[in-house]
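# How does the following fold in three dimensions:
(2 chains)
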Amino acid sequence: MWAISGLLVAVGWLLTAHPVPVYDGIGMPDEPYRYVSTPAGVSAAAKPAGSAQETLSVVGGVNAQLASLSSDESGPQVWVYLPAGVLAAPGGKITVKVAPEAPSDPPADGPIDGNIYRVSVTNPAGPVTFSSSKSTIVLRATVAKLPGPVIEQRPGPGQKWRPLDTTRTGNDIYGAALPEAGEYALVYSKLAHAREPIAGADAEGNHGLIIGLFVMFFLLFCVVFAVRARAHEVDP
Amino acid sequence: MTLGASSVTCATRRGQSGLRAGVLLAAFAVALGLRVAVGGSGVSQSQPAGLVFAACLLLLAMSCRTRLHVSARALLTGGAGGLLICLPVALSQLLAGSPLHGTAGLWPWALVVAVVAGAEEVFLRGTLYDAVSELAGSHWAVCVGAVAFALLHVPLYGWHVLPLDLAVGVVLGMLRASTGSVVAPATAHVLADWAGWFLR
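Presented below is the predicted three-dimensional model:
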């Protein structure tokens, strides 16, 4: 039984895109969003928005360890993941830092939700370049609502924002590939929305469908039951 | 004559079991609809919606006089089952280097989750399992419970959780079948949900 159970769970896990939340239960309550610049009408958080920093060794011209940086909120408002080997640098140590900033100079396609997060990658020995697209950034929205925002990025202040291909990975959590250092923010864009983990898997839009499925499931059960009961009556 | 009377009694009993299972499924769908109606667009985050749903399921279980059969074996098997279904999540978390969440806000949430998950198990692997098992055997009872369990989570989290919840539903049903007690899947379910706090 245990082997079959383990196999089932492993297969289910592999077939499930972004299995967050894990299985069931009530969504975990996040602490209120910590703004750098609290909007009018919103209570200021007791603590400042968190930042994170990691230092990575360079071996063979690339970062030898992965970097996984998240802010200290529950749940984190930002998470940056850089696998080993994605940062190319001449030597020394690479410092990766993610820090919140107040929203400023918003993009043309919509308002910024929450803080801007600046991802910086520095190395005293020379410039650092991103050599693959396996790095990711995950941002938590201030509230869970659909259609969701997209992550937009710009290299620095005053430069143009560009939307990234964003996936909703949790109720209010959005992820995208991290192409380079720079500023990242969630934007309720008029032009783009976050993708669901599976195309068309909008939970709100599927309430009718799920109830319909339940009805079909129930009817199927009734048919099977009726056929079996009739067969039993004919051949007791 | 005796054989004929026995067959009629058997058919009557099967008819009652079938009717009971059908009514239970319909009531389950209504309870889920109520949960979605109470929770609205934030249904997956809504503790009141979860508690209303749990209350409906517990009322159904009580009306069918579902028994719990608490035993050390069921608790231990459930604990092992909980560890098993958390294993892929824990490994994935470890490999990704994701941080573990702290305990701030954990306890009230854990209490509500235990009530909701426990109620789901008492109903799905207790009341519904008994009805379907009496009608069509334990294999069907495991399958029907797993499908209901998987569909239950779609309005909360989206379609993408269907394969995993279907698999976990079968495992929880197997725990019930192997121990004869709803306590085993309830223990596993609650432990897996609690682990979800840290492993998100």
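
# Where does the prediction get shaky in the chain?
The chain I'm using is chain A. Scanning chain A for pLDDT under 70 picks out A:17-29, A:196-236.

# wrong one, chain B
Residues of chain B that meet the criterion pLDDT under 70 lie in B:1-14, B:41-42, B:96-104, B:200.

# quick one: the helices in it?
Secondary structure of chain B (DSSP state H): helices located at B:2-39, B:47-63, B:72-96, B:106-121, B:129-136, B:138-157, B:162-179, B:183-198.

# does the shortest one come close to chain A?
Yep, that's helix B:129-136 we're talking about. Yes - using CB under 8 Å from any CB of the partner chain, helix B:129-136 reaches chain A at B:Leu135, B:Ala136. Using the backbone N, CA and C atoms, a C-beta is placed for each residue, glycine as well.

# How about the second one?
Yes - in terms of CB under 8 Å from any CB, part of helix B:47-63 sits within range of chain A, namely B:Gln47, B:Gly50.

# center of chain B - which residue?
B:Glu121 (3.4 Å; CA atoms, centre = their mean).

# Which one of the helices of chain B lies nearest to A:Ala194?
Nearest to A:Ala194 among the helices of chain B is helix B:138-157 (15.2 Å), distances taken as CB to CB.

# Which residue does chain B have closest to chain A?
Chain B approaches chain A most closely through B:Ala167 (2.8 Å), counting by CB to the nearest CB.

# tell me the contacts of that residue?
The neighbours of B:Ala167, taking CB atoms under 8 Å, 6 or more residues apart in numbering or on different chains as the test, are A:Leu8, A:Val9, A:Val11, A:Gly12, A:Trp13.

# Tell me where chain A has strands.
Per DSSP state E, chain A carries strands over the ranges A:52-59, A:62-63, A:67-70, A:78-82, A:87-88, A:93-101, A:112-122, A:129-130, A:136-140, A:150-154, A:162-163, A:167-168, A:173-177, A:182-187.

# The third one close to chain B?
Yes - applying CB under 8 Å from any CB, one finds that strand A:67-70 is in contact with chain B at A:Ser68, A:Ser70.

# Now do that strand: distance to the chain's middle.
Its chain's C-alpha centre and that of strand A:67-70 lie 14 Å apart, by CA atoms, centre = their mean, to the nearest Å.

# Mind giving me the packing neighbours of that strand?
Identification of packing neighbours for strand A:67-70 by 3 or more CB pairs under 8 Å, 6 or more residues apart in numbering or on different chains; DSSP states H and E yields strand A:52-59, strand A:78-82, strand A:93-101.
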